[in-house]
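**Q** Kindly return the folded structure for what I paste below:
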Amino acid sequence: MKTIALAIAAASLASNSFAADADRGARIFRACSSCHIVDDSRSTFGPSLKGVVGRRAAGVDDYAYSPALKKAGEEGLVWNEHELAEFLAAPNRKVPGTKMRFWGLWSFEVDDQSPF
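**A** Residues are numbered from 1 along each chain as shown. Predicted coordinates for the structure are as follows:
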């Protein structure tokens, strides 16, 4: 979960000073937790994120990915912190045609008063 939180924090902030803020990443992850889980291998509305770092895109067997994400995985997209940061910043820009219904972390206003 810390790696996902770090990737989310990195994707959402222009300043590198917050990139290692796992607590802030965990707060941001709340926006993702309505569709994704990280502590179980089963998928819910979205695919499980348990073990996502190092996994090929569209690599969870029990989830019906979009053809675009399946193709990206077949072409070699493997999730690492950099690839996740790009995807989370703007999913449809990173993988045009993805069915992930999320505009990207750039749309959140992040400040000390925000839950994100």
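**Q** Now for residue 100, how many residues are close by?
**A** 20 (other C-beta atoms under 10 Å). C-beta coordinates here come from the backbone N, C-alpha and C atoms, glycine included.
**Q** Next one: the closest residue to it other than its chain neighbours relative to residue 22, how far apart?
**A** Distance criterion C-beta to C-beta, 6 or more residues apart in numbering; nearest residue to residue 100, sequence neighbours excluded, is residue 91 at 4.6 Å. As judged by C-beta to C-beta, to the nearest Å, residue 91 and residue 22 stand 22 Å apart.
**Q** Show me the shaky parts of this protein.
**A** Where the chain drops to pLDDT under 70, the residues are 1-20, 103-116.
**Q** Hmm, residue 95 and residue 68 touching each other?
**A** Yes - counting by C-beta atoms under 8 Å, residue 68 does reach residue 95; the two are 5.3 Å apart.
**Q** about what we covered before: show me which of residue 91 and residue 22 is the more surrounded one.
**A** Each of residue 91 and residue 22 has its neighbours counted (other C-beta under 10 Å); residue 91 has more, 19 against 16.
**Q** Isn't that one up against residue 85?
**A** No - no contact is recorded between residue 91 and residue 85 when judged using C-beta under 8 Å, the distance being 11.6 Å.
**Q** what's around residue 93, how many residues?
**A** Residue 93: 11 neighbours (other C-beta under 10 Å).
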